[in-house]
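> structure, please.
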Amino acid sequence: MTKERLYLYDTTLRDGQQTQGVQFSTAEKEQIAKVLDSLGLDYVEGGWPGANPTDSEFFETHPKLKATFAAFGMTKRAGMSAQNDNVLAAVINAGTEAVCLVGKTNDFHVETALGITLSENTENVSRSISYLVEQGREALFDAEHFFDGYKSNPEYALEVVTAAFTAGARWVVLCDTNGGTLPGEIENITRAVIAAGIPGEHLGIHTHNDTENAIAGSLAAIDAGARQVQGTLNGLGERCGNANLTSLIPTLLLKEPYISSYQTGVTKENLMGLTQASRLLDDILNRVPMKQAPYVGGSAFAHKAGLHASAILKDPSTYEHIEPFVVGNARVIPMSNQAGQSNLRRRLSEAGISVEKDDPALGRILDVVKERESEGYSYDTAQASFELLAREELGTRESYFDVERYRVISERRRNARGNLVVESEAVVTVQMPSGAKTTSYFKNEHAEEMSDDGPVNALWQALKQDLGPYQRLTEDVRLVDFKVRITNGGTEAVTRVIIDFEDDDGHRWATVGVSANIVDASFEALLEALNWKLMRDGAVRVR
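Purely as a prediction, here's the structure:
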(Lines give C-alpha, C1' and ligand atoms only; values in the text may rest on other atoms or scores of the structure.)
Protein backbone atom coordinates (compact mmCIF):
# COMPACT_ATOMS: atom_id res chain seq x y z
CA MET A 1 0.00 0.00 0.00
CA THR A 2 1.33 3.43 -0.96
CA LYS A 3 1.83 5.67 2.05
CA GLU A 4 0.54 9.24 2.05
CA ARG A 5 3.01 12.03 2.74
CA LEU A 6 2.55 13.75 6.07
CA TYR A 7 4.40 17.05 6.55
CA LEU A 8 5.89 18.18 9.87
CA TYR A 9 6.10 21.90 10.60
CA ASP A 10 8.10 23.13 13.61
CA THR A 11 7.37 26.47 15.22
CA THR A 12 9.68 26.21 18.25
CA LEU A 13 11.57 29.35 17.26
CA ARG A 14 8.41 31.42 16.97
CA ASP A 15 5.46 30.01 18.91
CA GLY A 16 7.79 28.22 21.32
CA GLN A 17 9.52 31.51 22.08
CA GLN A 18 6.20 32.78 23.45
CA THR A 19 6.67 30.48 26.44
CA GLN A 20 6.88 32.46 29.65
CA GLY A 21 10.53 32.91 30.57
CA VAL A 22 11.89 31.81 27.18
CA GLN A 23 13.92 34.13 24.97
CA PHE A 24 16.34 32.72 22.41
CA SER A 25 19.47 34.50 21.28
CA THR A 26 20.37 34.49 17.59
CA ALA A 27 23.08 31.89 18.17
CA GLU A 28 20.64 29.69 20.08
CA LYS A 29 18.10 29.96 17.28
CA GLU A 30 20.72 28.83 14.79
CA GLN A 31 21.67 25.89 17.01
CA ILE A 32 18.06 24.77 17.46
CA ALA A 33 17.31 25.17 13.75
CA LYS A 34 20.18 22.83 12.88
CA VAL A 35 18.97 20.23 15.38
CA LEU A 36 15.43 20.38 13.97
CA ASP A 37 16.84 20.04 10.47
CA SER A 38 18.88 16.99 11.49
CA LEU A 39 15.68 15.28 12.64
CA GLY A 40 14.15 15.65 9.19
CA LEU A 41 11.42 18.25 9.80
CA ASP A 42 9.83 19.51 6.59
CA TYR A 43 9.41 23.12 7.74
CA VAL A 44 11.31 25.20 10.29
CA GLU A 45 9.63 28.49 11.17
CA GLY A 46 12.26 31.00 12.21
CA GLY A 47 10.14 33.69 13.82
CA TRP A 48 8.55 37.02 12.88
CA PRO A 49 10.92 39.30 10.91
CA GLY A 50 10.77 42.84 12.21
CA ALA A 51 9.01 41.88 15.45
CA ASN A 52 12.24 42.14 17.48
CA PRO A 53 15.99 42.60 16.83
CA THR A 54 16.81 38.92 17.48
CA ASP A 55 14.36 37.64 14.88
CA SER A 56 15.49 40.22 12.35
CA GLU A 57 19.15 39.28 12.88
CA PHE A 58 18.31 35.58 12.62
CA PHE A 59 16.66 36.03 9.24
CA GLU A 60 19.59 38.08 8.01
CA THR A 61 21.91 35.13 8.68
CA HIS A 62 19.38 32.86 6.92
CA PRO A 63 20.65 29.43 8.10
CA LYS A 64 21.13 26.86 5.36
CA LEU A 65 18.67 24.06 5.97
CA LYS A 66 17.39 21.07 4.07
CA ALA A 67 13.99 21.90 5.54
CA THR A 68 11.85 24.66 4.06
CA PHE A 69 12.65 27.81 6.04
CA ALA A 70 9.56 29.85 6.86
CA ALA A 71 8.88 33.35 8.14
CA PHE A 72 5.78 34.26 10.11
CA GLY A 73 3.71 37.41 9.93
CA MET A 74 0.18 38.71 9.64
CA THR A 75 -2.10 39.54 6.75
CA LYS A 76 -2.21 43.09 5.46
CA ARG A 77 -4.13 45.68 7.41
CA ALA A 78 -7.43 47.15 6.26
CA GLY A 79 -7.24 50.39 4.33
CA MET A 80 -3.96 49.70 2.55
CA SER A 81 -2.75 47.45 -0.23
CA ALA A 82 -0.60 44.38 0.31
CA GLN A 83 2.18 46.11 -1.61
CA ASN A 84 2.20 49.10 0.76
CA ASP A 85 1.85 47.35 4.12
CA ASN A 86 5.22 47.77 5.85
CA VAL A 87 4.56 44.93 8.34
CA LEU A 88 3.85 42.50 5.52
CA ALA A 89 6.84 43.87 3.62
CA ALA A 90 9.21 43.01 6.50
CA VAL A 91 8.10 39.39 6.35
CA ILE A 92 8.47 39.13 2.58
CA ASN A 93 11.85 40.90 2.64
CA ALA A 94 13.19 38.17 4.92
CA GLY A 95 13.62 36.17 1.72
CA THR A 96 12.39 32.81 2.99
CA GLU A 97 11.04 30.08 0.73
CA ALA A 98 7.77 29.96 2.64
CA VAL A 99 5.74 32.58 4.44
CA CYS A 100 3.02 31.83 6.98
CA LEU A 101 0.49 34.61 7.56
CA VAL A 102 -1.93 34.60 10.45
CA GLY A 103 -5.44 35.94 9.98
CA LYS A 104 -8.74 36.02 11.81
CA THR A 105 -11.45 33.43 11.11
CA ASN A 106 -13.62 34.07 14.14
CA ASP A 107 -16.27 36.74 13.55
CA PHE A 108 -16.06 37.85 17.18
CA HIS A 109 -12.34 38.61 16.84
CA VAL A 110 -12.79 40.36 13.51
CA GLU A 111 -15.41 42.76 14.78
CA THR A 112 -14.13 43.18 18.34
CA ALA A 113 -10.33 42.89 18.13
CA LEU A 114 -9.76 44.26 14.63
CA GLY A 115 -12.80 46.54 14.52
CA ILE A 116 -13.45 45.92 10.82
CA THR A 117 -16.24 44.28 8.84
CA LEU A 118 -16.26 40.59 8.05
CA SER A 119 -15.94 41.25 4.32
CA GLU A 120 -12.93 43.53 4.88
CA ASN A 121 -11.19 40.79 6.82
CA THR A 122 -11.85 38.21 4.12
CA GLU A 123 -10.45 40.60 1.51
CA ASN A 124 -7.32 41.21 3.63
CA VAL A 125 -6.67 37.47 3.76
CA SER A 126 -7.28 36.90 0.06
CA ARG A 127 -5.14 39.81 -1.16
CA SER A 128 -2.28 38.98 1.22
CA ILE A 129 -2.07 35.37 0.10
CA SER A 130 -2.33 36.39 -3.57
CA TYR A 131 0.54 38.82 -3.08
CA LEU A 132 2.75 36.10 -1.55
CA VAL A 133 2.06 33.81 -4.49
CA GLU A 134 2.90 36.63 -6.93
CA GLN A 135 6.25 36.99 -5.14
CA GLY A 136 6.97 33.30 -5.78
CA ARG A 137 6.66 32.24 -2.13
CA GLU A 138 5.00 29.15 -0.75
CA ALA A 139 2.03 30.63 1.10
CA LEU A 140 0.58 29.29 4.32
CA PHE A 141 -2.45 30.72 6.07
CA ASP A 142 -2.72 30.28 9.83
CA ALA A 143 -6.47 30.37 10.50
CA GLU A 144 -6.39 31.82 14.00
CA HIS A 145 -9.17 30.76 16.38
CA PHE A 146 -10.60 28.64 13.59
CA PHE A 147 -12.33 26.00 15.68
CA ASP A 148 -13.92 28.53 18.03
CA GLY A 149 -14.90 30.59 14.99
CA TYR A 150 -16.42 27.58 13.26
CA LYS A 151 -18.50 26.73 16.31
CA SER A 152 -19.67 30.35 16.51
CA ASN A 153 -20.24 31.05 12.82
CA PRO A 154 -19.33 28.13 10.53
CA GLU A 155 -20.32 29.94 7.35
CA TYR A 156 -17.91 32.80 7.97
CA ALA A 157 -15.02 30.60 9.20
CA LEU A 158 -15.32 28.54 6.01
CA GLU A 159 -15.56 31.71 3.91
CA VAL A 160 -12.18 32.93 5.17
CA VAL A 161 -10.24 29.67 4.78
CA THR A 162 -11.78 29.10 1.36
CA ALA A 163 -10.68 32.59 0.32
CA ALA A 164 -7.11 31.81 1.43
CA PHE A 165 -7.09 28.53 -0.48
CA THR A 166 -8.60 30.06 -3.61
CA ALA A 167 -5.99 32.83 -3.48
CA GLY A 168 -3.25 30.20 -3.74
CA ALA A 169 -2.35 29.10 -0.20
CA ARG A 170 -0.38 25.85 -0.32
CA TRP A 171 -1.48 25.15 3.24
CA VAL A 172 -4.50 26.29 5.19
CA VAL A 173 -3.67 25.62 8.83
CA LEU A 174 -6.61 25.17 11.21
CA CYS A 175 -5.64 26.61 14.59
CA ASP A 176 -7.08 25.73 17.98
CA THR A 177 -5.60 28.92 19.35
CA ASN A 178 -7.21 28.81 22.80
CA GLY A 179 -6.55 25.08 23.17
CA GLY A 180 -10.07 24.31 24.34
CA THR A 181 -11.41 22.21 21.45
CA LEU A 182 -11.57 18.49 22.18
CA PRO A 183 -10.29 15.85 19.74
CA GLY A 184 -13.73 14.67 18.61
CA GLU A 185 -14.71 18.22 17.69
CA ILE A 186 -11.44 18.76 15.84
CA GLU A 187 -11.97 15.62 13.77
CA ASN A 188 -15.57 16.51 12.85
CA ILE A 189 -14.77 20.12 11.96
CA THR A 190 -11.72 19.13 9.91
CA ARG A 191 -13.91 16.73 7.94
CA ALA A 192 -16.39 19.57 7.38
CA VAL A 193 -13.63 21.80 5.96
CA ILE A 194 -12.60 19.09 3.53
CA ALA A 195 -16.23 18.58 2.53
CA ALA A 196 -16.47 22.32 1.87
CA GLY A 197 -13.82 22.07 -0.83
CA ILE A 198 -10.33 22.34 0.72
CA PRO A 199 -8.49 19.04 0.10
CA GLY A 200 -6.75 17.37 3.02
CA GLU A 201 -3.39 17.58 1.25
CA HIS A 202 -3.70 21.35 1.66
CA LEU A 203 -4.84 21.30 5.31
CA GLY A 204 -2.69 21.65 8.40
CA ILE A 205 -3.44 21.44 12.12
CA HIS A 206 -2.04 23.67 14.88
CA THR A 207 -3.16 22.83 18.43
CA HIS A 208 -2.47 24.18 21.90
CA ASN A 209 -2.36 22.10 25.05
CA ASP A 210 -4.71 23.92 27.41
CA THR A 211 -6.80 20.76 27.99
CA GLU A 212 -3.83 18.35 27.68
CA ASN A 213 -5.25 17.30 24.31
CA ALA A 214 -2.87 18.96 21.83
CA ILE A 215 -1.41 15.69 20.55
CA ALA A 216 -4.78 13.93 20.59
CA GLY A 217 -6.28 16.84 18.66
CA SER A 218 -3.46 16.73 16.11
CA LEU A 219 -3.96 13.00 15.57
CA ALA A 220 -7.72 13.56 15.23
CA ALA A 221 -7.12 16.11 12.45
CA ILE A 222 -4.79 13.69 10.69
CA ASP A 223 -7.43 10.97 10.99
CA ALA A 224 -9.91 13.37 9.40
CA GLY A 225 -7.58 14.07 6.45
CA ALA A 226 -5.20 16.91 7.37
CA ARG A 227 -1.72 16.29 5.99
CA GLN A 228 0.39 18.88 7.77
CA VAL A 229 0.86 18.99 11.53
CA GLN A 230 2.48 21.83 13.47
CA GLY A 231 4.08 21.76 16.90
CA THR A 232 7.14 22.56 18.97
CA LEU A 233 10.04 20.66 20.45
CA ASN A 234 9.26 19.67 24.06
CA GLY A 235 5.81 21.24 23.68
CA LEU A 236 7.00 24.82 24.19
CA GLY A 237 4.42 27.55 23.70
CA GLU A 238 2.50 30.22 25.54
CA ARG A 239 0.20 29.25 28.40
CA CYS A 240 0.19 25.43 28.44
CA GLY A 241 2.24 24.99 25.28
CA ASN A 242 1.77 23.61 21.78
CA ALA A 243 1.48 20.09 20.42
CA ASN A 244 4.68 18.36 21.50
CA LEU A 245 6.54 17.13 18.42
CA THR A 246 8.87 15.18 20.71
CA SER A 247 5.93 12.90 21.50
CA LEU A 248 3.98 13.28 18.27
CA ILE A 249 6.79 12.32 15.87
CA PRO A 250 7.55 8.89 17.41
CA THR A 251 3.83 8.17 17.67
CA LEU A 252 3.47 8.78 13.93
CA LEU A 253 6.53 6.66 13.12
CA LEU A 254 5.97 3.80 15.55
CA LYS A 255 2.23 3.39 16.13
CA GLU A 256 -0.59 2.08 13.99
CA PRO A 257 -2.42 3.08 11.93
CA TYR A 258 0.05 5.90 11.27
CA ILE A 259 3.12 3.77 10.66
CA SER A 260 1.36 1.91 7.84
CA SER A 261 -0.49 4.88 6.39
CA TYR A 262 1.95 7.81 6.34
CA GLN A 263 5.48 8.73 5.44
CA THR A 264 7.32 11.69 6.97
CA GLY A 265 10.70 13.27 6.44
CA VAL A 266 11.95 11.74 9.70
CA THR A 267 13.79 8.46 9.19
CA LYS A 268 14.20 5.70 11.77
CA GLU A 269 17.86 6.69 11.99
CA ASN A 270 16.96 10.34 12.62
CA LEU A 271 14.47 9.27 15.28
CA MET A 272 17.34 7.91 17.36
CA GLY A 273 18.47 11.52 17.86
CA LEU A 274 15.15 12.62 19.36
CA THR A 275 16.12 12.29 23.03
CA GLN A 276 19.35 14.18 22.45
CA ALA A 277 17.48 16.95 20.61
CA SER A 278 14.97 17.25 23.44
CA ARG A 279 17.67 17.52 26.08
CA LEU A 280 19.72 19.95 24.04
CA LEU A 281 16.78 22.33 24.03
CA ASP A 282 16.46 21.98 27.81
CA ASP A 283 20.19 22.69 28.15
CA ILE A 284 19.86 25.84 26.06
CA LEU A 285 16.95 26.98 28.22
CA ASN A 286 18.78 25.99 31.42
CA ARG A 287 15.88 23.70 32.32
CA VAL A 288 15.93 20.32 33.98
CA PRO A 289 14.51 17.73 31.53
CA MET A 290 11.09 16.46 32.59
CA LYS A 291 11.68 12.89 33.73
CA GLN A 292 8.12 11.78 32.97
CA ALA A 293 8.17 13.07 29.38
CA PRO A 294 6.89 10.35 27.01
CA TYR A 295 9.53 8.66 24.86
CA VAL A 296 12.45 10.95 25.83
CA GLY A 297 12.12 11.41 29.60
CA GLY A 298 14.62 9.93 32.02
CA SER A 299 11.83 7.89 33.61
CA ALA A 300 10.09 6.92 30.36
CA PHE A 301 11.67 3.47 30.55
CA ALA A 302 12.37 3.23 34.28
CA HIS A 303 11.15 0.12 36.11
CA LYS A 304 11.06 0.43 39.88
CA ALA A 305 8.93 -2.45 41.15
CA GLY A 306 10.70 -5.80 41.49
CA LEU A 307 7.90 -7.64 39.69
CA HIS A 308 8.26 -5.35 36.68
CA ALA A 309 12.06 -5.66 36.59
CA SER A 310 11.82 -9.45 36.76
CA ALA A 311 9.52 -9.48 33.74
CA ILE A 312 11.73 -6.98 31.89
CA LEU A 313 14.65 -9.40 32.25
CA LYS A 314 12.64 -12.04 30.43
CA ASP A 315 11.09 -9.81 27.77
CA PRO A 316 11.23 -5.97 27.78
CA SER A 317 7.93 -5.76 25.91
CA THR A 318 6.14 -6.87 29.09
CA TYR A 319 6.35 -3.31 30.44
CA GLU A 320 7.65 -1.24 27.51
CA HIS A 321 5.62 -0.15 24.50
CA ILE A 322 8.76 0.41 22.37
CA GLU A 323 12.48 -0.29 22.65
CA PRO A 324 14.11 2.77 24.32
CA PHE A 325 17.01 2.93 21.86
CA VAL A 326 14.60 3.60 18.97
CA VAL A 327 14.19 7.18 20.24
CA GLY A 328 17.71 7.45 21.63
CA ASN A 329 16.67 6.78 25.22
CA ALA A 330 17.77 4.07 27.67
CA ARG A 331 16.20 1.60 30.05
CA VAL A 332 16.64 2.40 33.76
CA ILE A 333 16.25 0.02 36.69
CA PRO A 334 16.29 2.34 39.72
CA MET A 335 16.98 1.08 43.20
CA SER A 336 14.53 1.50 46.07
CA ASN A 337 13.11 -0.44 48.98
CA GLN A 338 10.56 -1.92 46.56
CA ALA A 339 13.32 -3.62 44.57
CA GLY A 340 13.83 -7.36 44.43
CA GLN A 341 16.92 -9.33 43.43
CA SER A 342 15.91 -9.42 39.77
CA ASN A 343 15.75 -5.64 39.78
CA LEU A 344 19.07 -5.43 41.59
CA ARG A 345 20.91 -7.80 39.26
CA ARG A 346 19.62 -5.93 36.22
CA ARG A 347 20.75 -2.58 37.62
CA LEU A 348 24.17 -3.98 38.50
CA SER A 349 24.48 -5.48 35.02
CA GLU A 350 23.75 -2.10 33.42
CA ALA A 351 26.53 -0.63 35.57
CA GLY A 352 28.92 -3.29 34.25
CA ILE A 353 28.84 -5.32 37.45
CA SER A 354 28.24 -9.06 37.02
CA VAL A 355 26.91 -10.89 40.08
CA GLU A 356 25.78 -14.51 40.18
CA LYS A 357 22.16 -15.15 41.06
CA ASP A 358 22.96 -16.87 44.39
CA ASP A 359 25.67 -14.43 45.51
CA PRO A 360 24.98 -13.53 49.18
CA ALA A 361 26.12 -9.98 48.44
CA LEU A 362 22.80 -9.38 46.70
CA GLY A 363 20.92 -9.77 49.95
CA ARG A 364 23.38 -7.51 51.76
CA ILE A 365 23.01 -4.79 49.14
CA LEU A 366 19.21 -4.92 49.36
CA ASP A 367 19.39 -4.74 53.15
CA VAL A 368 21.67 -1.72 53.05
CA VAL A 369 19.46 0.03 50.49
CA LYS A 370 16.36 -0.51 52.62
CA GLU A 371 18.15 0.56 55.80
CA ARG A 372 19.54 3.71 54.23
CA GLU A 373 16.20 4.64 52.67
CA SER A 374 14.68 4.42 56.14
CA GLU A 375 17.28 7.03 57.15
CA GLY A 376 16.17 9.35 54.36
CA TYR A 377 18.27 8.29 51.36
CA SER A 378 16.68 7.73 47.97
CA TYR A 379 18.29 5.82 45.12
CA ASP A 380 15.50 6.09 42.58
CA THR A 381 17.29 8.86 40.73
CA ALA A 382 20.70 8.83 42.44
CA GLN A 383 22.04 5.98 40.34
CA ALA A 384 25.69 6.89 40.86
CA SER A 385 25.34 6.74 44.65
CA PHE A 386 23.64 3.36 44.35
CA GLU A 387 26.50 1.99 42.27
CA LEU A 388 29.05 3.16 44.83
CA LEU A 389 27.00 1.57 47.61
CA ALA A 390 26.83 -1.73 45.71
CA ARG A 391 30.55 -1.76 45.00
CA GLU A 392 31.21 -1.12 48.68
CA GLU A 393 29.29 -4.27 49.61
CA LEU A 394 30.94 -6.26 46.81
CA GLY A 395 34.40 -5.11 47.90
CA THR A 396 35.19 -3.49 44.55
CA ARG A 397 34.89 0.17 45.47
CA GLU A 398 38.14 2.07 45.23
CA SER A 399 39.04 4.83 47.67
CA TYR A 400 40.80 7.63 45.83
CA PHE A 401 41.03 10.28 48.52
CA ASP A 402 39.65 11.27 51.91
CA VAL A 403 38.44 14.64 53.10
CA GLU A 404 40.09 15.26 56.44
CA ARG A 405 38.09 18.37 57.19
CA TYR A 406 36.12 21.20 55.63
CA ARG A 407 34.92 24.56 56.83
CA VAL A 408 32.46 26.92 55.19
CA ILE A 409 31.41 30.40 56.25
CA SER A 410 28.67 32.66 54.88
CA GLU A 411 28.60 36.26 56.01
CA ARG A 412 25.95 38.91 55.41
CA ARG A 413 27.15 42.39 56.23
CA ARG A 414 27.34 46.01 55.09
CA ASN A 415 30.44 47.05 53.24
CA ALA A 416 32.27 50.36 53.50
CA ARG A 417 29.68 51.98 51.21
CA GLY A 418 26.83 50.86 53.42
CA ASN A 419 25.57 48.28 50.90
CA LEU A 420 24.50 44.82 51.97
CA VAL A 421 26.83 42.10 50.65
CA VAL A 422 26.88 38.34 51.13
CA GLU A 423 30.07 36.32 50.92
CA SER A 424 30.77 32.60 51.21
CA GLU A 425 34.16 31.04 51.62
CA ALA A 426 35.29 27.45 52.11
CA VAL A 427 38.40 25.51 53.06
CA VAL A 428 38.79 21.81 52.24
CA THR A 429 41.69 19.56 53.26
CA VAL A 430 42.10 16.42 51.15
CA GLN A 431 44.36 13.49 51.97
CA MET A 432 45.59 11.06 49.31
CA PRO A 433 46.23 7.35 49.99
CA SER A 434 49.95 8.17 49.87
CA GLY A 435 49.50 10.42 52.91
CA ALA A 436 49.96 13.65 50.96
CA LYS A 437 47.59 16.45 51.93
CA THR A 438 46.31 19.50 50.06
CA THR A 439 44.32 22.38 51.50
CA SER A 440 42.24 24.46 49.10
CA TYR A 441 40.50 27.76 49.71
CA PHE A 442 37.72 29.44 47.76
CA LYS A 443 35.95 32.76 48.25
CA ASN A 444 33.22 34.15 46.04
CA GLU A 445 33.96 36.96 43.61
CA HIS A 446 30.82 39.03 44.22
CA ALA A 447 32.03 41.12 47.11
CA GLU A 448 30.16 44.25 46.01
CA GLU A 449 26.66 42.85 45.59
CA MET A 450 24.04 40.53 47.03
CA SER A 451 24.76 37.79 44.48
CA ASP A 452 26.72 35.25 46.50
CA ASP A 453 26.75 31.78 44.93
CA GLY A 454 26.27 30.17 48.32
CA PRO A 455 28.13 27.89 50.72
CA VAL A 456 27.59 24.72 48.67
CA ASN A 457 29.16 26.28 45.60
CA ALA A 458 32.06 27.54 47.70
CA LEU A 459 32.64 24.00 49.03
CA TRP A 460 32.39 22.54 45.53
CA GLN A 461 34.92 24.98 44.12
CA ALA A 462 37.33 24.38 46.99
CA LEU A 463 36.91 20.59 46.83
CA LYS A 464 37.72 20.28 43.13
CA GLN A 465 40.40 22.96 43.15
CA ASP A 466 43.32 20.60 43.86
CA LEU A 467 42.83 16.84 43.72
CA GLY A 468 46.43 16.20 42.82
CA PRO A 469 46.81 13.30 40.36
CA TYR A 470 43.04 13.20 39.79
CA GLN A 471 42.65 16.85 38.87
CA ARG A 472 42.63 16.29 35.11
CA LEU A 473 39.82 13.73 35.34
CA THR A 474 37.52 15.90 37.46
CA GLU A 475 37.96 19.46 36.21
CA ASP A 476 35.17 19.15 33.59
CA VAL A 477 32.53 18.04 36.12
CA ARG A 478 29.77 20.58 36.70
CA LEU A 479 26.51 20.79 38.62
CA VAL A 480 23.32 20.98 36.53
CA ASP A 481 20.58 20.57 39.14
CA PHE A 482 20.22 20.73 42.91
CA LYS A 483 17.21 19.33 44.75
CA VAL A 484 16.49 19.54 48.48
CA ARG A 485 13.86 17.60 50.41
CA ILE A 486 13.10 17.63 54.15
CA THR A 487 12.22 14.03 55.01
CA ASN A 488 11.15 14.57 58.61
CA GLY A 489 9.65 17.59 60.30
CA GLY A 490 10.26 19.32 63.58
CA THR A 491 13.44 19.09 65.63
CA GLU A 492 14.34 15.71 64.04
CA ALA A 493 14.26 17.05 60.49
CA VAL A 494 16.54 15.29 58.03
CA THR A 495 17.65 16.94 54.79
CA ARG A 496 18.06 14.94 51.58
CA VAL A 497 20.03 16.54 48.77
CA ILE A 498 20.16 15.10 45.26
CA ILE A 499 22.56 16.72 42.82
CA ASP A 500 22.76 16.11 39.07
CA PHE A 501 26.13 16.40 37.34
CA GLU A 502 27.48 16.29 33.81
CA ASP A 503 30.85 16.41 32.06
CA ASP A 504 32.19 17.49 28.70
CA ASP A 505 31.54 14.04 27.22
CA GLY A 506 27.80 14.49 27.81
CA HIS A 507 27.60 11.95 30.64
CA ARG A 508 25.04 12.74 33.34
CA TRP A 509 24.78 11.22 36.78
CA ALA A 510 23.19 11.95 40.14
CA THR A 511 24.21 11.43 43.76
CA VAL A 512 22.47 11.74 47.10
CA GLY A 513 23.49 13.00 50.52
CA VAL A 514 21.56 12.96 53.79
CA SER A 515 22.20 14.87 57.01
CA ALA A 516 20.48 17.05 59.57
CA ASN A 517 22.73 19.78 58.12
CA ILE A 518 21.94 20.84 54.54
CA VAL A 519 25.55 21.81 53.83
CA ASP A 520 26.84 18.45 55.05
CA ALA A 521 24.22 16.57 53.03
CA SER A 522 25.29 18.54 49.98
CA PHE A 523 28.96 17.84 50.63
CA GLU A 524 28.28 14.12 50.81
CA ALA A 525 26.63 14.24 47.38
CA LEU A 526 29.56 16.26 45.99
CA LEU A 527 32.08 13.68 47.24
CA GLU A 528 30.03 10.81 45.79
CA ALA A 529 29.95 12.53 42.40
CA LEU A 530 33.71 12.91 42.15
CA ASN A 531 34.37 9.36 43.35
CA TRP A 532 31.91 7.95 40.81
CA LYS A 533 33.48 10.01 38.02
CA LEU A 534 36.94 8.71 38.90
CA MET A 535 35.69 5.14 39.10
CA ARG A 536 33.85 5.37 35.77
CA ASP A 537 36.85 6.85 34.00
CA GLY A 538 39.13 4.12 35.33
CA ALA A 539 41.31 6.28 37.54
CA VAL A 540 44.24 4.42 39.08
CA ARG A 541 44.49 4.76 42.85
CA VAL A 542 47.67 6.62 43.76
CA ARG A 543 49.39 4.97 46.70
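> which residues touch the helix or strand hosting V160?
Here V160 sits within helix 154-166, counting by DSSP states H and E. If you take Cβ atoms under 8 Å, 6 or more residues apart in numbering as the criterion, helix 154-166 is touched by 103-107, 118, 121-122, 125-126, 129, 141, 143, 146, 149-150, 172, 174, 192-193, 196-198, 202. Placement of C-beta: from N, CA and C, glycine included.
> tell me the buried residues within the residues you listed.
Those of the contacts of helix 154-166 that meet the buried threshold are 103-107, 121-122, 125-126, 129, 141, 143, 146, 149-150, 172, 174, 193, 198, 202, by 16 or more other Cβ atoms under 10 Å.
> isn't A510 up against I499?
Yes - using Cβ atoms under 8 Å, A510 is in contact with I499, at 6.6 Å.
> between the two, who's got more neighbours?
Taking other Cβ atoms under 10 Å, A510 and I499 do not tie; I499 has more neighbours (27 against 24).
> burial measure for the residue lying closest to the more buried one once chain neighbours are set aside, as a count.
Ranked by Cβ to Cβ, 6 or more residues apart in numbering and with sequence neighbours excluded, the top spatial neighbour of I499 is A525, at 4.5 Å. By the criterion of other Cβ under 10 Å, A525 has 28 neighbours.
> correct me if wrong: A525 contacts I518.
No - taking contacts as Cβ under 8 Å, A525 lies outside contact range of I518: 10.9 Å.
> which neighbours do those two share?
V497.
> state the mean pLDDT of stretch 139-159.
Mean pLDDT, stretch 139-159: 98.
> count the residues that sit near L534.
20.
> okay, it: pLDDT?
94.
> what about the closest residue to it other than its chain neighbours, distance to H507?
Once flanking residues are discounted, L534 sits nearest to Y400: 5.1 Å by Cβ to Cβ, 6+ apart. Distance from Y400 to H507, counting by Cβ to Cβ, to the nearest Å: 18 Å.
> neighbour count winner among these two?
Y400 (23 against 13).
> pLDDT value on the residue of the chain positioned farthest from its centre, please?
Within the chain, G435 marks the point farthest from the mean C-alpha position, 45.9 Å out by Cα atoms, centre = their mean. According to the predicted model, the pLDDT of G435 comes to 85.
> next: E449.
pLDDT, read off for E449, is 51.
> pLDDT below threshold where in the stretch 351-500 of the chain?
By pLDDT under 70, the weakly predicted segments of the stretch 351-500 of the chain are 445-452, 488-492.
> could you pull out the strands for it?
Remark: strands assigned in the stretch 351-500 of the chain by DSSP state E, counting those that start in this stretch are 402-414, 420-431, 437-443, 478-486, 495-502.
> from these, which stretch is densest packed?
Each of those was scored by mean neighbour count; the highest is strand 495-502, a mean of 22, by mean count of other Cβ atoms under 10 Å.
> so what secondary structure elements neighbour that one?
Contact partners of strand 495-502 among helices and strands, from 3 or more Cβ pairs under 8 Å, 6 or more residues apart in numbering; DSSP states H and E: strand 478-486, strand 508-515, helix 518-536.
> so for R413, which of these sits nearest?
helix 518-536 (19.6 Å; Cβ to Cβ).
> and the angle from the closest one to strand 420-431?
Interaxial angle of helix 518-536 relative to strand 420-431 (axes from the mean of the first three to the mean of the last three Cα atoms, to 10 degrees): 50 degrees.
> low-scoring pLDDT stretches of the stretch 1-150 of the chain, where are they?
Looking at the stretch 1-150 of the chain by pLDDT under 70, you get 1.
> okay, helices next: where are they in it?
Ranges of helices in the stretch 1-150 of the chain, per DSSP state H, counting those that start in this stretch, are 26-39, 53-61, 86-92, 107-109, 118-134, 146-152.
> so which of the ones you listed gets nearest R364?
Of all the helices of the stretch 1-150 of the chain, helix 26-39 comes closest under Cβ to Cβ, at 45.3 Å.
> by contact count, what packs against that closest one?
Counting contacts by 3+ Cβ pairs under 8 Å, 6+ apart, helix 26-39 packs against strand 43-45, helix 53-61, helix 268-271, helix 274-284.
> relative to Q230, which of the ones you listed is closest?
Nearest of the helices and strands packed on helix 26-39 (Cβ to Cβ): strand 43-45, 8.2 Å.
> how about the strands in the stretch 151-300 of the chain?
171-176, 203-207, 228-231, 262-263.
> same list, those, but as JSON lines with mean pLDDT and distance to K66 please.
Shown next, in JSON lines, are the strands of the stretch 151-300 of the chain (pLDDT from 0 to 100; distance: least, Cβ to Cβ, whole Å):
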{"stretch": "strand 171-176", "mean pLDDT": "98", "distance to K66": "19"}
{"stretch": "strand 203-207", "mean pLDDT": "98", "distance to K66": "20"}
{"stretch": "strand 228-231", "mean pLDDT": "98", "distance to K66": "17"}
{"stretch": "strand 262-263", "mean pLDDT": "98", "distance to K66": "16"}
